[in-house]
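Asker: got a predicted structure here, sequence first:
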Amino acid sequence: MVTQDETSGNPTGAVSARARAALDALENLLAGMGTALLALLAALWLALTAVACLAGVGLLLLPSALHATRAVADRERTRLSRWGPELISPRNPRRDCGPPSPTAPYAANSAGSGPTPSSASSWA
């Protein structure tokens, strides 16, 4: 009588490798389903906010809906970065869209007497 060990080498190692690959695939599937559920909830919250805008109260709900959408996108970006190359996150709108610097529209005039508005220095 011939056993599997004699014909295929080590079937126990192949079975454990396939079982590990199946568990990894199941883990990725469940993580993706969790993110998909969160994305569906965020999309529904965004749609509810859009409908509430028609009643005039949606603008109060808009920051929370956008925050939820961005959080889900960041979570998905992090999840996908575990598999392959890192996905670059977009710029942070809270940091980049602040009020302008008080010195931004000014430039030193040609006489060097201090900052003047750049439009005023072109009239001189």
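Answerer: Yep, that arrived.

Asker: what's the neighbour count on Ala17?
Answerer: By other Cβ atoms under 10 Å, the residues close to Ala17 number 10. Any C-beta I mention is one placed from the backbone N, CA and C, and that applies to glycine too.

Asker: could you pull up phi and psi at it?
Answerer: Dihedral pair for Ala17: phi -70, psi -40, per degrees, to the nearest 10.

Asker: repeat that for Gly84.
Answerer: Main-chain dihedrals, Gly84, degrees, to the nearest 10: phi -140, psi -150.

Asker: ok, it to Ala21 distance?
Answerer: The gap separating Gly84 from Ala21 is 17 Å, by Cβ to Cβ, to the nearest Å.

Asker: these two: who's more crowded?
Answerer: When neighbours are counted by other Cβ under 10 Å, Gly84 and Ala21 differ, and Ala21 comes out ahead with 10 against 7.

Asker: can I assume Ser89 sits in a strand?
Answerer: No: counting by DSSP: H, G, I helix; E, B strand; the rest coil, Ser89 is not part of a strand but coil.

Asker: helix or strand: which one has the spatially closest residue to it that is not a sequence neighbour?
Answerer: Spatial nearest neighbour of Ser89, excluding adjacent residues (Cβ to Cβ, 6 or more residues apart in numbering): Arg77 at 6.1 Å. Assigned by DSSP states H and E, Arg77 belongs to helix 58-81.
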